[in-house]
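> The following block contains a protein sequence and its predicted model.
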Amino acid sequence: FRISFFGHHVNNFLPFAIIKRTKKPVVAWINCKNTAEYILKIFEAVSGGAKELQDKPLIKGLLTPVSPLQFNKEGSDILMLFADRGLPLGVGSMVMAMVSGPATLAGTVALQNAEVLAGITISQLLRPGLPVLYAGIPHISDPRNVNICFGSPEQGIMAVMITALTKKYALPTAINVGLTDSNVPDGQAGVEKAATLLLGMLAGADAYGGMGISGADQGFNIAQLVIDDEIIAYLKRIIKGAEVSDETLAYNVIKEVGIGGSFISMDHTLQHFRKELWFPTIFERLGWEVWEQSGSMDLLERAGEKAEKIILQQKEEEINKDLVEEIDTIYATAEKCLVLKR
């Protein structure tokens, strides 16, 4: 889930409801200093204190330069706050080719690289050794309507270019791939997400775009999240590749089976098929008649069914009551000090 804090507004329930009901990592999107103070107080409460949060960070800031070649006040405030607290910082500008960046992919990547390196340099001047993440998040704009595009082939190409750069800098890399411009989970979404994500994975990036997103960062869809999980499992199998050894070449087994035989009953098959083959959970492999007899469900229906089962089976984790009270107190304080969007 993405927790969003917009300007001087605090979302009425998401940050507090989620963090009180799970022990899993929670992503917070911080975009101004005023709300950042309260967000950090929440994470300090969860960690056990400011020092504990610094020693084992549960959150990172994000400095987003305003292309071309600017830092705004909000981003600079976040940069200084996270540097002062010794908390990790991501730096990434969402340059848009043809609008806030050159029409050429190389020019857009070069501009973004200059902006990101400038932000990283400032962070190291403020606090030498501050952990940083290079966020490679440029996009193209569609020349027919100037809309930002998340699922274009150029998105994957730029991700590969950026990852190649960051490997030279020895910096951890996050890239915006595995995304789509489709507003619903459909064939377009599958093609765009799988193609760009595969390019990023083959390039060797460390982190990727948010899964479950539909449209150009416009919405979150639980069924799409389940489909994305299946796509990732499929692509991880590709990345794993195939082991070539005397055992896997199976010369002796081929000789034993001989001409016209079958390998299905061989011990070698039993020993290897589970680690060699990937088994889908919602992608279809049934023949037409069996599929039809099973209800003729399409991918979106199967994903929705799986999502519903996961939600129904999920048990709420027990969170320390004192921690819940502390988080509620922080929220009440924020409510008094900030203008809430109702």
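Perfect, thanks for sending it. Numbers count the residues shown, from 1 in each chain.

> Please, which helix or strand holds residue 323?
Assessed by DSSP states H and E, residue 323 sits inside helix 321-337.

> who's in contact with that helix?
Residues outside helix 321-337 that contact it (C-beta atoms under 8 Å, 6 or more residues apart in numbering) are 10, 16, 19, 20, 34, 35, 38, 41, 42, 45, 46. (Glycine included, C-beta is placed from N, CA and C.)

> pLDDT averaged over that helix, what's the number?
On average, the pLDDT along helix 321-337 is 86.

> Could you turn the buried ones of the contacts of helix 321-337 into a ChimeraX selection?
Listed next is the ChimeraX selection for buried residues among the contacts of helix 321-337, using 16 or more other C-beta atoms under 10 Å:
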select :10,16,19,20,34,35,38,41,42,45,46
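
> so of the contacts of helix 321-337, which ones are in helices?
Using DSSP state H, 16, 19, 34, 35, 38, 41, 42, 45, 46 are the members of these that sit in helices.

> how about these in CSV, adding distance to residue 81 and pLDDT?
Converted to CSV, the ones in helices among the contacts of helix 321-337 look like this (distance: C-beta to C-beta, whole Å; pLDDT from 0 to 100):
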residue, distance to residue 81, pLDDT
16, 21, 66
19, 19, 77
34, 10, 82
35, 11, 82
38, 12, 87
41, 12, 91
42, 15, 88
45, 17, 91
46, 18, 88
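
> In JSON lines: those, plus distance to residue 313.
Listed next are those as JSON lines, based on distance: C-beta to C-beta, whole Å:
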{"residue": "16", "distance to residue 313": "24"}
{"residue": "19", "distance to residue 313": "22"}
{"residue": "34", "distance to residue 313": "39"}
{"residue": "35", "distance to residue 313": "34"}
{"residue": "38", "distance to residue 313": "33"}
{"residue": "41", "distance to residue 313": "33"}
{"residue": "42", "distance to residue 313": "28"}
{"residue": "45", "distance to residue 313": "29"}
{"residue": "46", "distance to residue 313": "25"}
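
> Spatially, which two of those are the most separated?
Spatially, the most separated pair among the ones in helices among the contacts of helix 321-337 is 34 and 46, at 20.5 Å (C-beta to C-beta).

> which stretches of the stretch 1-150 of the chain form helices?
14-19, 33-47, 50-55, 73-85, 105-126 (DSSP state H, counting those that start in this stretch).

> Same question for the stretch 151-300 of the chain.
153-169, 187-203, 222-240, 246-249, 251-257, 267-276, 288-293, 299-313.

> Can you lay out those as TSV showing mean pLDDT?
TSV is the format used below for the helices of the stretch 151-300 of the chain (pLDDT from 0 to 100):
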stretch	mean pLDDT
helix 153-169	97
helix 187-203	97
helix 222-240	97
helix 246-249	98
helix 251-257	97
helix 267-276	97
helix 288-293	94
helix 299-313	94
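
> Could I get the ones you listed in JSON lines, plus columns for distance to residue 127?
Converted to JSON lines, the helices of the stretch 151-300 of the chain look like this (distance: least, C-beta to C-beta, whole Å):
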{"stretch": "helix 153-169", "distance to residue 127": "18"}
{"stretch": "helix 187-203", "distance to residue 127": "29"}
{"stretch": "helix 222-240", "distance to residue 127": "34"}
{"stretch": "helix 246-249", "distance to residue 127": "50"}
{"stretch": "helix 251-257", "distance to residue 127": "59"}
{"stretch": "helix 267-276", "distance to residue 127": "45"}
{"stretch": "helix 288-293", "distance to residue 127": "58"}
{"stretch": "helix 299-313", "distance to residue 127": "41"}
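
> Mind putting those helices into JSON lines with distance to residue 69 and mean neighbour count?
As requested, these are arranged in JSON lines below (distance: least, C-beta to C-beta, whole Å; neighbours: other C-beta atoms under 10 Å):
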{"stretch": "helix 153-169", "distance to residue 69": "18", "mean neighbour count": "20"}
{"stretch": "helix 187-203", "distance to residue 69": "26", "mean neighbour count": "20"}
{"stretch": "helix 222-240", "distance to residue 69": "34", "mean neighbour count": "18"}
{"stretch": "helix 246-249", "distance to residue 69": "53", "mean neighbour count": "11"}
{"stretch": "helix 251-257", "distance to residue 69": "61", "mean neighbour count": "12"}
{"stretch": "helix 267-276", "distance to residue 69": "50", "mean neighbour count": "12"}
{"stretch": "helix 288-293", "distance to residue 69": "55", "mean neighbour count": "10"}
{"stretch": "helix 299-313", "distance to residue 69": "42", "mean neighbour count": "15"}
